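Enquirer: could you work out the structure for the sequence below:
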Amino acid sequence: MSFEEAYRRYFSDVYAYIRRLSGDERIAEEITGETFFQAMRSLDRFRGECELRVWLCQIAKNRYRSYLKRQRRLVPLDEGIGPEAAAPDETPEEQFLIREDLDGIRRALHGMPEPYKEVFMWRVFGELSFREIGGLFGRTENWACVTYHRAKSRIAAALEEGEK
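Expert: Below you'll find the model as predicted:
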């Protein structure tokens with residue numbers, strides 16, 4: 001597949017992935033552009049061990065991490081959640097509980113060891129299948145599924161612990 005074909009076919013997937021991670025259209029556009037520029041320069045190193053889309057998303061993830069380091073800031077998982085984004089029938093108490101839950105999830109993710117953290121992020125934010133996630137790690141689809149569910153269990157346990 002030529003670079004132009006890859007660009008046309010996967011641009012929207014890479015953009016959507018970074019858009020979900022960053023919560024910002026401008027950042028997603030910038031990182032997606034950097035991703036394809038880097039991919040163009042290193043396409044000869046693509047060995048085909050995973051799908052091209054997965055490889056591009058790996059590059060995008062690394063570019064996004066580099067961007068965050070440059071900006072020296074963290075992107076909150078709950079960006080856009082608050083009174084202004086609340087459903088009309090949510091009370092202030094319900095809004096507070098939602099924000100508290102999201103803060104707990106963010107703390108649990110931050111403290112979670114690899115590979116649980118990354119598998120969870122690929123599944124939730126990258127919307128990758130378990131087969132694709134397994135391929136990223138050189139493991140099986142079943143391993144990815146089990147790891148994801150263990151990550152969810154760790155998050156649930158951390159949230160329960162926080163309620164005590």
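
Enquirer: average pLDDT across stretch 125-139?
Expert: Model confidence over stretch 125-139, given as mean pLDDT, is 84.

Enquirer: how far does it sit from the chain's center?
Expert: Chain-centre distance of stretch 125-139: 12 Å, with CA atoms, centre = their mean, to the nearest Å.

Enquirer: please identify the buried residues of it?
Expert: Applying a neighbour-count criterion of 16 or more other CB atoms under 10 Å, the buried positions in stretch 125-139 are 125-126, 128-130, 132-137, 139. To be clear about C-beta, it is placed using only N, CA and C from the backbone, and glycine gets the same treatment.

Enquirer: number of residues surrounding residue 28?
Expert: 21 (other CB atoms under 10 Å).

Enquirer: likewise for residue 146?
Expert: Residue 146 has 14 nearby residues by other CB under 10 Å.

Enquirer: hmm, who's touching the one helix or strand it maps to?
Expert: Under the criterion of DSSP states H and E, residue 146 resides in helix 141-163. The contact list for helix 141-163 (CB atoms under 8 Å, 6 or more residues apart in numbering) reads 101, 104-105, 107-109, 111-112, 115-117, 119-120, 123, 129-131, 133-134, 137.

Enquirer: CA atoms of that helix as PDB?
Expert: Taking Å, rounded to 0.1, in the frame of the first residue of the first chain, the C-alpha atoms of helix 141-163 are listed here in PDB:
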ATOM      1  CA  GLU A 141      -6.600 -12.100  21.800                       C
ATOM      2  CA  ASN A 142      -7.500 -14.000  25.000                       C
ATOM      3  CA  TRP A 143      -4.600 -12.400  26.800                       C
ATOM      4  CA  ALA A 144      -5.800  -8.900  25.800                       C
ATOM      5  CA  CYS A 145      -9.300  -9.700  27.000                       C
ATOM      6  CA  VAL A 146      -8.200 -11.100  30.300                       C
ATOM      7  CA  THR A 147      -5.800  -8.100  30.900                       C
ATOM      8  CA  TYR A 148      -8.500  -5.600  30.100                       C
ATOM      9  CA  HIS A 149     -11.000  -7.200  32.500                       C
ATOM     10  CA  ARG A 150      -8.400  -7.300  35.200                       C
ATOM     11  CA  ALA A 151      -7.700  -3.600  34.600                       C
ATOM     12  CA  LYS A 152     -11.500  -2.900  35.000                       C
ATOM     13  CA  SER A 153     -11.500  -5.000  38.200                       C
ATOM     14  CA  ARG A 154      -8.600  -3.000  39.600                       C
ATOM     15  CA  ILE A 155     -10.400   0.300  38.800                       C
ATOM     16  CA  ALA A 156     -13.600  -1.000  40.400                       C
ATOM     17  CA  ALA A 157     -11.600  -2.100  43.500                       C
ATOM     18  CA  ALA A 158      -9.900   1.300  43.700                       C
ATOM     19  CA  LEU A 159     -13.200   3.100  43.500                       C
ATOM     20  CA  GLU A 160     -14.700   0.900  46.200                       C
ATOM     21  CA  GLU A 161     -11.600   1.500  48.400                       C
ATOM     22  CA  GLY A 162     -12.100   5.200  47.900                       C
ATOM     23  CA  GLU A 163     -15.700   5.000  49.200                       C
END
